[in-house]
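> I'll drop the sequence and a predicted model, then ask my questions.
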Amino acid sequence: MSNRRAPSRAAAADVDAPGKRPFDIDQVLARVREAVRPFPKAAMFALADDGYASVFEQLVACIISIRTLDEVTIPAVKRLFAVARAPGAMAELTPVEIERLIAPSTFADVKARQIHAIARRTRDDLGGVLPCSYDVLTGFHGVGPKCANLVLGVACGERRISVDVHVHRITNRWGYVATRTPEATTAALEDRLPHAYWVEINQLLVPFGKHVCTDARPRCSACAVLEFCRQVGVGDHR
């Protein structure tokens, strides 16, 4: 299962560590998969399971989710789509109406204008259907690589890695990569992560990062992959 090219520099997981097992991404992700089973799915995947799986629906949901808890994102997305789900219907709403529906999502006013602009362009210039195109998605104001890759992975079945704060933090904490920015983490994971996990890593590490490998005081004593994890940068933990 090797699509890997040689990493540009060794990560901590490639170096022997006292008391740690050699890092095996297959075993680690299998354990994480079991560890997150009791927790709610990440918002984008949960919404796809509920039938909101088109490119347009996933993109709108991702925009709403930015800097917003999943517990707020999912109801906000469903309120909006209950009123207008297709690009044409969404374009008929005003940004103020969209803002009212997606509140209390953070920066709801800004997101409402972005969603309205995307809906209008999709209706007027793209025949009412948002394509599976990275260039088209990132051509919209406010849509970056994280959202574009996640949409293409979930809605289009493309092999894409979406790196959010959880994926960036955890893969560096494991020592699987050694990077400073999400953009660098994306490149490093593309370099060494088996293709089979490209979409799933976001699906797994979002709930894992919320409930186990948290930013502050991670639950290391209860972590299923502690024996593999290099605990890079971990100070106080539970």
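Everything's here; your move. Numbers count the residues shown, from 1 in each chain.
> Can you show me the strands along this protein?
Assigned by DSSP state E, the chain shows no strands.
> Got the domain ranges for it?
Split into domains by automatic domain parsing, the chain comes to 12-40+161-222, 43-156.
> As TSV, those domains with distance to Arg230, mean neighbour count and mean pLDDT would be great.
All C-beta atoms are positioned from the backbone trio N, CA, C, and that covers glycine. Output for the domains of the chain, formatted as TSV (distance: least, CB to CB, whole Å; neighbours: other CB atoms under 10 Å; pLDDT from 0 to 100):
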stretch	distance to Arg230	mean neighbour count	mean pLDDT
domain 12-40+161-222	3	18	95
domain 43-156	25	19	98
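> now those domains in a markdown table, with distance to Phe228?
What follows is the domains of the chain, written out as a markdown table (distance: least, CB to CB, whole Å):
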| stretch | distance to Phe228 |
| --- | --- |
| domain 12-40+161-222 | 5 |
| domain 43-156 | 24 |
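> how about these, which one is nearest Arg238?
Closest to Arg238 of those, according to CB to CB: domain 12-40+161-222, at 4.9 Å.
> Tell me how far the closest one lies from the chain's centre.
Averaging C-alpha positions (CA atoms, centre = their mean, to the nearest Å) puts domain 12-40+161-222 12 Å from its chain's average.
> same thing with stretch 101-119?
Relative to the chain's own centre, stretch 101-119 is displaced by 19 Å; criterion: CA atoms, centre = their mean.
> Also stretch 90-98?
Remark: stretch 90-98 is offset 26 Å from the chain centroid, using CA atoms, centre = their mean.
> Any idea how far apart the tips of that stretch sit?
8 Å (CA to CA, to the nearest Å).
> Contacts for that stretch next, please.
With contacts defined as CB atoms under 8 Å, 6 or more residues apart in numbering, stretch 90-98 is touched by 60, 80, 83-84, 109, 111-113, 115-116, 119-120, 122-124.
> Name the pair among the residues you listed with the greatest separation in space.
Asp109 and Asp124 (22.7 Å).
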